[in-house]
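Undergrad: The sequence isn't on hand, but the structure is:
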């Protein structure tokens, strides 16, 4: 099981790296979907089966398809790809990477101080559901309000 | 049905993976000029945070991590819907996905 964790962690980091360096938007999207599916395997190995299913159904299935719809609506062609190649000169990566590297080092130093094992057990959908509609019921209501606001906002903004 | 015995994974490995993915997303946000890539990098960052919550939930064998994961997913869905609506407006008005053109709004 831990082999599965490390293998999919490797796949996920590699696919994310490929996703942020692609020229073509659809290629990047497909690499990101690979990363999401690898993360779903990681959730499974951590015993979060419900989260693993949601990662595939909602993230890879719904949110990424929404991206794909918009890309198809915009009908981007070869010219955008050429422009992207101009924008993404190799020198562009130096500054942001130099800024991000200290942050990563800080995070690694901080995290490697926390020695603890994850517990080998499954938290199934029943436990999540009981907690969701027990102590967290207000959060569910707020999430529904947020989604409604998102729906109205998206409808208003995307109008011609 | 064969029962797969779950083996414990050190918590810091899961958190390290979340940190690496978060930083990769941040580099994407800082580097790209195409607004769709920036939105996708934001998704990468949100996803990394969600992973950190699930790892935390697995550490204490509590359902709260997955509940935060649910909240983050609904936040991501709402954010992407509004963001892609803005992308459509940007493309309709300026015929480009360049983020820098938005500095013309002088907001």
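TA: Great, that's in hand. Source: prediction; values computed, not measured.

Undergrad: what's the distance between residue B:57 and residue A:124?
TA: 12 Å (CB to CB, to the nearest Å). Every residue, glycine included, has its C-beta placed from N, CA and C.

Undergrad: Which one's more surrounded, those two?
TA: residue B:57 (26 against 14; other CB atoms under 10 Å in any protein chain shown).

Undergrad: which stretch of helix or strand covers that one?
TA: Here residue B:57 sits within helix B:35-59, counting by DSSP states H and E.

Undergrad: Beyond that helix, next helix or strand please.
TA: Using DSSP H and E, the next helix or strand after helix B:35-59 towards the C-terminus is helix B:64-94.

Undergrad: Pull out the buried positions in that next one.
TA: B:64-88, B:90-91 (16 or more other CB atoms under 10 Å in any protein chain shown).

Undergrad: ditto for stretch A:118-125
TA: Neighbour-count burial for stretch A:118-125 [16+ other CB under 10 Å]: A:118-119, A:123, A:125.

Undergrad: Adding secondary structure and pLDDT, write those residues out as TSV.
TA: Below are the buried residues of stretch A:118-125 laid out as TSV (DSSP: H, G, I helix; E, B strand; the rest coil; pLDDT from 0 to 100):
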residue	secondary structure	pLDDT
A:118	coil	75
A:119	coil	75
A:123	coil	85
A:125	helix	89
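
Undergrad: Where do the helices of chain A begin and end?
TA: A:2-21, A:25-45, A:49-54, A:64-74, A:78-87, A:94-111, A:125-132, A:137-157 (DSSP state H).

Undergrad: And these, which one averages the lowest pLDDT?
TA: Within those, confidence is poorest for helix A:78-87, with a mean of 81 (mean pLDDT).

Undergrad: Can that one be said to contact chain B?
TA: Yes: for helix A:78-87, a contact with chain B is found by CB under 8 Å from any CB of the partner chain, at A:80, A:84, A:87.

Undergrad: Good, wrapping up.
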